[in-house]
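**Student:** I would like to see how this sequence folds:
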Amino acid sequence: MRCVIARFPFDLTKSGVLASMKGVTPELVTGASVVIGRRQYPVKQVGEVVTGQDRRDFTVGEVTRAMTRLGFTCRALPEISPARGLTPLEEASAQLGTPAPR
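**Tutor:** Presented below is the predicted three-dimensional model:
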């Protein structure tokens, strides 16, 4: 598939992307991500590895659009369950070193 990333044309294939990302350790995902194989990579990391360009040269949208057209699953944000905060009673009990009543 022919696509333009950062004003440069690239001929990308799904097998080519898989081969490029083979052996690459995923960085911590904090934003948009692409699922390649069984791993989840940040979009910018995939764009850098596949195109050989600096991450500042392209946008997340350009790489996400190309990876989606190739058939990869793209996610906007990592799937993280919200952490439950302590209630004021539990926090006060924790500061005193005693268990909170249930």
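
**Student:** from here on, just use CA atoms for contacts and neighbour counts.
**Tutor:** OK.

**Student:** where in the chain is pLDDT low?
**Tutor:** 78-83, 98-102 (pLDDT under 70).

**Student:** all helices for this structure, in order.
**Tutor:** Remark: helices assigned in the chain by DSSP state H are 14-21, 43-51, 60-70, 88-96.

**Student:** tell me the most buried of the ones you listed?
**Tutor:** helix 43-51 (a mean of 21; mean count of other C-alpha atoms under 10 Å).

**Student:** contact partners of it?
**Tutor:** 10, 17, 20-21, 27, 32-34, 53-55, 58-60, 63-64 (C-alpha atoms under 8 Å, 6 or more residues apart in numbering).

**Student:** widest-spaced pair of the residues you listed?
**Tutor:** Comparing all pairs in the contacts of helix 43-51 by C-alpha to C-alpha, the longest separation belongs to 10 and 27, at 23.8 Å.

**Student:** what about these two, which has more around it?
**Tutor:** Counting neighbours by other C-alpha atoms under 10 Å for residue 10 and for residue 27 shows that residue 10 has the greater number, 14 against 10.

**Student:** any idea what the more buried one is bridged to?
**Tutor:** residue 3 (DSSP bridges).

**Student:** got the contact list for it?
**Tutor:** Counting by C-alpha under 8 Å, 6+ apart, residue 10 has contacts 1-4, 51.

**Student:** for residue 12, which non-adjacent residue is spatially closest?
**Tutor:** Of all residues beyond its chain neighbours, the one nearest residue 12 is residue 1 (5.2 Å), with distances taken as C-alpha to C-alpha, 6 or more residues apart in numbering.

**Student:** wait, doesn't that neighbour sit right on residue 11?
**Tutor:** Yes - counting by C-alpha atoms under 8 Å, residue 1 touches residue 11, with 5.4 Å between them.

**Student:** circling back: which one of the helices of the chain lies closest to residue 77?
**Tutor:** Nearest of the helices of the chain to residue 77, taken as C-alpha to C-alpha: helix 43-51 at 10.7 Å.
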